[in-house]
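1. Generate coordinates for the sequence data below:
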Amino acid sequence: MKLGIVGLPNVGKSTLFNAITKAGAEAANYPFCTIEPNVGVVTVPDQRIRVLSDLNQSKKTIYTTIEFCDIAGLVKGASKGEGLGNKFLGHIREVAAIVHVVRCFENENIVHVSGKIDPLSDIETINTELILSDMELLERRIAKTEKGSRYDKALAGELEILKKVYDFLSSGTSARAMELDEDEADFVRTLDLLSYKPIIYVANVSEEDAADGGENEYVAAVRDFAAGEGAESVVICAEIEQEISELDDDEKALFLEELNIDESGLDKLIKASYRLLNLISFLTTGSDETRAWTITNGTKAPQAAGKIHTDFEKGFIRAETINYDTLMAECDGSMTKAREKGLLRSEGKEYVVKDGDIITFLFNV
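-> Coordinates of the predicted model:
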């Protein structure tokens, strides 16, 4: 899973990236200090993996990961090549979802590219550039499709959807806010539109508002806007994230408790990413290895097995499974007890894997 962090210059996105990936991207008080997209791979925290690994004395413990890409600050006119626009619009096209960092704090020592703090204006600036880039792409696609649509009913249907999306974008609203039926949505996904990508709006706040955004009117505006798009929103203080990135786990927990913050910004981002992309994790464990595997919610057992190895899917026989919560609550973490109590289930090809399922796949090739 690859997420692209975007935002106007000096909103704190490189500071946030540095903190959550410890990758050391340059952060400075001037635009375009990020020239190439910095990439950092982050381990997804999962206490279940650590517990299972300890119980089974696994030789290897492997967590799932998320790749964060810090994309340079966009400015008005990016779709026409202003600033470093075209190059970085291309980088956005490569990610599964967008993390849009929006400045929701006042600080006279940090220059805002627009001269004032206005998160909705900032959101509109970047969304407009993505929309304009999409409209340019659609114009070319429509012109090409029109030529063949007179003789091909399938192309005529595509042309109708293309024009529908173009007209919607012309209103200044991102494609992700469109109401589409299943067939239309499947087709629009193939267009790889920037404004159709799932998005998480990150309200970057001061330390005083870090717990939940408090009475911050900027945060309230961002939350309302995100809700209107069906997008995710989280409140994060990038400065605090930078501080806790240097602490060990125990110190981090104590520091967050003192600030009355329930979880780190990274944890918030990861949870929001999983919700946004409809992802879950199933687990495998044994003396050799304990590991988390990320799949789309709704995946059936054979396809989940294929995540491990294609042979597992081709020769799938059945899946022996028990959910982690059941294993811990009813069997004290013992697979032997689970088998003795009849709690270890045998599931076939139609079984839909649940988050936290511990699975052993039986296959034959």
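2. show me the contacts for the residue sitting nearest the centre point of the chain.
-> Centroid-nearest residue in the chain: Ser273, 3.3 Å away (criterion: Cα atoms, centre = their mean). Contacts for Ser273 were tallied using Cβ atoms under 8 Å, 6 or more residues apart in numbering; they are 1, 3, 66, 97, 200, 232, 279. Quick note: C-beta positions are derived from backbone N, CA and C, even for glycine.
3. Kindly report the same for Gln242.
-> Counting by Cβ under 8 Å, 6+ apart, Gln242 has contacts 15, 18-19.
4. ranges for the strands of the stretch 1-150 of the chain?
-> Using DSSP state E, counting those that start in this stretch, the strands of the stretch 1-150 of the chain run over residues 2-6, 38-43, 60-62, 65-70, 97-103.
5. The last one - contacts with which helices or strands?
-> Under the contact criterion of 3 or more Cβ pairs under 8 Å, 6 or more residues apart in numbering; DSSP states H and E, the helices and strands touching strand 97-103 comprise strand 2-6, helix 119-149, strand 199-204, helix 217-229, helix 265-276.
6. what comes up buried for the last one?
-> Within helix 265-276, the residues that qualify as buried by neighbour count (16 or more other Cβ atoms under 10 Å) are 265-266, 268-270, 272-274, 276.
7. Over to the longest one?
-> Neighbour-count burial for helix 119-149 flags 119, 122-123, 125-135, 137-138, 141-142, 145, 149 (criterion: 16+ other Cβ under 10 Å).
8. now the fourth one
-> Within helix 217-229, the residues that qualify as buried by neighbour count (16+ other Cβ under 10 Å) are 218-219, 221-223, 225-226, 229.
9. circling back: which one of the contacts of Ser273 is nearest to Phe187?
-> Comparing the contacts of Ser273 against Phe187 with Cβ to Cβ places Ala97 closest, at 19.8 Å.
10. Pull out the buried residues from stretch 250-264.
-> Going by 16+ other Cβ under 10 Å, stretch 250-264 has these buried residues: 256, 259, 261, 264.
11. and the two most separated of those?
-> Checking the buried residues of stretch 250-264 with Cβ to Cβ, the most distant pair is Leu259 and Ser264, at 10.7 Å.
12. Nearest to Val42 among the buried residues of stretch 250-264?
-> Closest to Val42, out of all of these and judged by Cβ to Cβ, is Ser264, at 11.3 Å.
13. Mean pLDDT per helix and strand in this structure: which one sits at the bottom?
-> Among the helical and strand segments of the chain, the one scoring lowest on mean pLDDT, DSSP states H and E is helix 85-93, with a mean of 69.
14. so where's the stretch 101-250 of the chain shaky on pLDDT?
-> Scanning the stretch 101-250 of the chain for pLDDT under 70 picks out 108-115, 212-214.
15. make it 90
-> Counting by pLDDT under 90, the stretch 101-250 of the chain shows low-confidence ranges at 105-118, 125-126, 129, 133, 147-156, 206-216, 228-230, 239, 241-250.
16. From Thr145, how far off is the residue lying farthest from the centre of the chain?
-> In the chain, the residue that sits farthest from the middle, by Cα atoms, centre = their mean, is Tyr151; the gap is 41.0 Å. Counting by Cβ to Cβ, to the nearest Å, the gap from Tyr151 to Thr145 is 12 Å.
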